[in-house]
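Engineer: Provided below are the primary sequence and the corresponding predicted coordinates.
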Amino acid sequence: MLERRWALGFLAWSALAFTIAYWNHDENQRLDNAPTAPAVITHINRWTKGGPELELDIKLPDGRTVTGQTNNFNDVHRTGERILVQYALDGRDVYVREAGQGPDHTGVWGWMAAGSGATLTGLTLMVLRTRRNKLREAVEDGG
């Protein structure tokens, strides 16, 4: 019973990892050839899991200002500094990276590797459990 729980846990983890990989890929696709706009750094959060993150006020060409965050930038920046960013709007979501930055494939490949490893482990545990059950049944049947 314990092996089945571990196997299902690994398979659930793989689904989560593949979902996050897809989200990273989707963000890269949205920002590919995206328009640029000036932005002002309003805050730098240096203690995030993925490294420092810039909080930005982005001035759109239509005069609106939207707020976005990114950890995909070139140099060390200071609060109040103006930078040029690529942006993509999707309803209430704002996708942002500093202009000149290419797609960030490390997140996609890292989560794909985690998902593949978890899938392989989960399936291996399921196969081992099935084989043990069949072997146990054969021994109990006297075969």
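Structural biologist: It's in. Residues are numbered from 1 along each chain as shown.
Engineer: tell me which element T121 falls in.
Structural biologist: Using DSSP states H and E, the element containing T121 is helix 105-140.
Engineer: SS state for the residue most central in space within the chain?
Structural biologist: Centroid-nearest residue in the chain, with C-alpha atoms, centre = their mean: I20, separated by 3.9 Å. Classification of I20 by DSSP: H, G, I helix; E, B strand; the rest coil places it in helix.
Engineer: repeat that for P61.
Structural biologist: Under three-state DSSP, P61 comes out as coil.
Engineer: okay but it is in contact with P35, surely?
Structural biologist: Yes - when contacts are counted by C-beta atoms under 8 Å, P61 is listed as touching P35 (7.4 Å). No exception for glycine: its C-beta is placed from N, CA and C like everyone else's.
Engineer: quick one: which of the two has more around it?
Structural biologist: P35 (12 against 9; other C-beta atoms under 10 Å).
Engineer: please report phi then psi for the more buried one.
Structural biologist: phi -70, psi 160 (degrees, to the nearest 10).
Engineer: that one against Y87, yeah?
Structural biologist: Yes - contact status for P35 versus Y87: in contact at 6.8 Å, counting by C-beta under 8 Å.
Engineer: distance of the residue nearest to the centre of the chain from P35?
Structural biologist: Between I20 and P35 the distance is 26 Å, computed by C-beta to C-beta, to the nearest Å.
Engineer: cool, and A118?
Structural biologist: A118 is 37 Å from P35, by C-beta to C-beta.
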